[in-house]
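Asks: this one's sequence-less:
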């Protein structure tokens, strides 16, 4: 699902993100604990929203497949 018009002050980027002028992927927690993932360069495009279980699974695969 894609959501628009999420609160600008709730976005956060990873502590691993470089100071690159706001060009990164950001996340925020939305209704019922779902996770919104958006592009900091163009928030008007909206954000993909994932359930906590889906987001955790995605992060797990990133961590285990990256090594």
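Replies: Structure received. A quick note: this is a predicted structure, and the numbers were derived from the prediction, not measured. Numbers count the residues shown, from 1 in each chain.

Asks: poorly predicted segments of this protein, please.
Replies: The model of the chain has pLDDT under 70 over residues 16-23, 66-67.

Asks: the helices in it, which residues?
Replies: With helices called from DSSP state H, the chain shows them at 52-65.

Asks: now the strands for it?
Replies: Remark: strands assigned in the chain by DSSP state E are 2-3, 12-13, 25-29, 35-39, 47-50.

Asks: export those strands to CSV and tack on distance to residue 57 and mean neighbour count?
Replies: Bear in mind the C-beta positions are built from the backbone N, C-alpha and C, glycine included. Converted to CSV, those look like this (distance: least, Cβ to Cβ, whole Å; neighbours: other Cβ atoms under 10 Å):
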stretch, distance to residue 57, mean neighbour count
strand 2-3, 20, 12
strand 12-13, 21, 13
strand 25-29, 15, 17
strand 35-39, 12, 19
strand 47-50, 9, 18
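
Asks: now for those strands, which one comes closest to residue 61?
Replies: strand 47-50 (12.9 Å; Cβ to Cβ).

Asks: partners of that closest one in the sheet?
Replies: strand 2-3 (antiparallel), strand 35-39 (antiparallel) (DSSP bridges).

Asks: right, I'll call it a day here.
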